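J.: Sequence first, predicted coordinates after that:
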Amino acid sequence: MRMVDVIAKKRNGLKLSETEIKYFVEQYMTGDIPDYQASALMMAIYFQGMDQEETATLTKSMVDSGDTIDLSKINGHKVDKHSTGGVGDKTTFIVGPLVAAAGIPVAKMSGRGLGHTGGTIDKLESIPGFKVELTKEQFIENVNNHKLSVVGQTGNLAPADKKLYALRDVTATVNAIPLIASSIMSKKIASGADSIVLDVKTGSGAFMKTLADSRKLAQEMVTIGNQLDRRTVAVISDMNQPLGYEIGNANEVKEAVRVLQGEPVEDLRELALELAAHMTILAGVYPDYDKAMEQLERLIDEGHALQAFKDFIKAQNGDISVIENLEKLPTSFYHIDVKTTLNGYVHEMNAETIGVAAMHLGAGRATKEDKINHGVGITLHKKIGDMVKENDILATLHADTQNVDNVIELIQQSYQIGEKQVKKNKMIYDVIK
Ligand code: URA
């Protein structure tokens, strides 16, 4: 087989066979296929697409390029959750303990953040003492004992995806649905859970800006999961504005804890409950959606989910006194209000710009080498649908410098304020099974 023929076939809009896809992934990993031919194939796929069978084969080949995590020593049906990435997304800290409190094991590997969205692991590291690296044995023991553990990605999971993703990043071929779907699903499948719930974000702060594209991506990932024997459900959720009111690291942990304490941060609680409900149904713990919702609400309201969070933090060496006293979490030196000069209603927010603003404060990384500042971030005071008057505070910046004019400008640009009253945004757009 010659790689040039595989590229030409896809360029001409034809379907690649299993043999051709496997040949490409295997030979790319050994270095026998160079980057320039792999880039040409990525571009051909970008324009011509791949059908579901091709996408599933690509996913499987990327899984087979590395290790898979064996979770068989964990008792029960393991369910994983994955978000396609959004600003202010701290749902793992609510969903994980909530599902654990329902008795379902969650063995989660998470990443660090790059660009405008933060990483779960970075956020957890804002808790003093918290260890994100555990041995495989400790990880499994923690899940068996506490039903929840979250660690940084270890092992050589889907290395073909890692190599291809880096190539796509510099060849303008990231935004192709079959490539995103196979990339995400290869890592999820290699991580070993029995079932997967996907949170596919849609809107200004998401990979997929339109609902139609988000539906396509969700459908593609659900199909791949089911074809590769993982029961998969995708929830399509709003990312036209940040999730909740806090963006950063320590302040996102604080907000999640407040939800676990029963505070009504509406969009965040709604999404967390929705994701947890599908996880518990997939695990067979609750028979249907209504029962799951009723029980999960109870697990929050009676404090069981908060207790599960404390147990999880303690088991990973974190200082749980910060959960009882959130003021002990890292904070910044300055707190600077960003005000509006307008009267009206918030019509739109650009979640991506707000994420970039938080990154400039030091809450995220522009390059892999950047160091995170856990205490900085942004608190939003106004969201879509809220009324604003001249001089109202739109957001507070938590910064370690007063030199933040560029960040203030980004926040002001990200709010679109108009005269007409508008409705609040919907949180859940669709569920794909
Ligand atoms: N996240 C991934 O892991 N892969 C993609 O291709 C896009 C987002």
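T.: All right, it came through fine.

J.: And the strands in the stretch 151-300 of the chain?
T.: In the stretch 151-300 of the chain, the segments counted as strands under DSSP state E, counting those that start in this stretch are 195-202, 231-238, 246-248.

J.: most packed of those strands?
T.: Greatest average neighbour count among those goes to strand 246-248 (a mean of 30), per mean count of other Cβ atoms under 10 Å. Where C-beta positions appear, they are placed from N, C-alpha and C, glycine not excepted.

J.: Just put the strands of the stretch 151-300 of the chain in a markdown table and tack on distance to residue 169.
T.: Formatted as a markdown table, the strands of the stretch 151-300 of the chain follow (distance: least, Cβ to Cβ, whole Å):
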| stretch | distance to residue 169 |
| --- | --- |
| strand 195-202 | 19 |
| strand 231-238 | 24 |
| strand 246-248 | 24 |
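
J.: Now do the contacts for the residue in the stretch 251-400 of the chain that the ligand sits nearest to.
T.: Per Cβ to the nearest ligand atom, residue 352 is where the stretch 251-400 of the chain lies closest to the ligand, at 14.2 Å. For residue 352, the contacting residues are 87, 116, 204-205, by Cβ atoms under 8 Å, 6 or more residues apart in numbering.

J.: Next, it: secondary structure please.
T.: helix (DSSP: H, G, I helix; E, B strand; the rest coil).

J.: Excluding chain neighbours, what is closest to it?
T.: Of all residues beyond its chain neighbours, the one nearest residue 352 is residue 205 (4.7 Å), with distances taken as Cβ to Cβ, 6 or more residues apart in numbering.

J.: tally of neighbours for the residue in the chain positioned nearest to the ligand?
T.: In the chain, no residue comes nearer to the ligand than residue 183, which is 3.4 Å away by Cβ to the nearest ligand atom. By other Cβ atoms under 10 Å, 22 other residues sit near residue 183.

J.: again, but for residue 123
T.: Residues near residue 123, counting by other Cβ under 10 Å: 27.

J.: does residue 49 really touch residue 178, like I thought?
T.: Yes: here residue 49 lies in contact with residue 178, judged by Cβ atoms under 8 Å, at a distance of 6.1 Å.

J.: neighbour-wise, which of those two wins?
T.: residue 178 (23 against 15).

J.: Now do the same for that one: its pLDDT.
T.: Note for residue 178: predicted pLDDT of 97.

J.: With residue 41 as the reference, measure out to it.
T.: Distance of residue 178 to residue 41, computed by Cβ to Cβ, to the nearest Å: 12 Å.

J.: Close to the ligand: what parts of the stretch 101-250 of the chain are there?
T.: Contact residues, the stretch 101-250 of the chain versus the ligand (Cβ under 6 Å from any ligand atom): 165, 174, 179-180, 183-184, 207.

J.: which two in those residues are spaced the farthest apart?
T.: Farthest pair in these (Cβ to Cβ) is 165 and 207. Separation: 12.7 Å.

J.: Who has more neighbours out of those two?
T.: More crowded of residue 165 and residue 207, by other Cβ under 10 Å: residue 207, with 20 against 17.

J.: Just to check, the more buried one is in contact with residue 218?
T.: No: under the criterion of Cβ under 8 Å, residue 207 makes no contact with residue 218, lying 11.7 Å away.

J.: Okay, now the unreliable bits of this protein?
T.: Low-confidence regions of the chain, defined by pLDDT under 70, span residues 114.

J.: now the farthest one out in it, which residue is it?
T.: Relative to the centre of the chain, and counting by Cα atoms, centre = their mean, the farthest-placed residue is residue 1 at 38.5 Å.

J.: can you tell me the helix or strand for the closest residue to that residue other than its chain neighbours?
T.: Spatial nearest neighbour of residue 1, excluding adjacent residues (Cβ to Cβ, 6+ apart): residue 23 at 5.2 Å. Per DSSP states H and E, residue 23 falls inside helix 18-30.

J.: for that helix, which positions count as buried?
T.: By 16 or more other Cβ atoms under 10 Å, the buried positions in helix 18-30 come out as 20-25, 27-29.

J.: Also stretch 152-163?
T.: Applying 16+ other Cβ under 10 Å to stretch 152-163 flags 152-153, 157-163 as buried.

J.: count of residues packed around the closest residue to residue 261 other than its chain neighbours?
T.: In space, and not counting its chain neighbours, residue 261 is closest to residue 306: 6.0 Å by Cβ to Cβ, 6+ apart. By other Cβ under 10 Å, 21 other residues sit near residue 306.

J.: Contact partners for residue 306?
T.: For residue 306, the contact set (Cβ under 8 Å, 6+ apart) comprises 97, 257, 260-261, 300, 323.

J.: center of this protein, which residue is that?
T.: Taking Cα atoms, centre = their mean, the centroid of the chain lies closest to residue 83, which sits 3.1 Å from it.

J.: can you tell me which residues contact the closest residue to residue 132 other than its chain neighbours?
T.: Spatial nearest neighbour of residue 132, excluding adjacent residues (Cβ to Cβ, 6+ apart): residue 152 at 4.5 Å. Counting by Cβ under 8 Å, 6+ apart, residue 152 touches 109-112, 121, 132-133.
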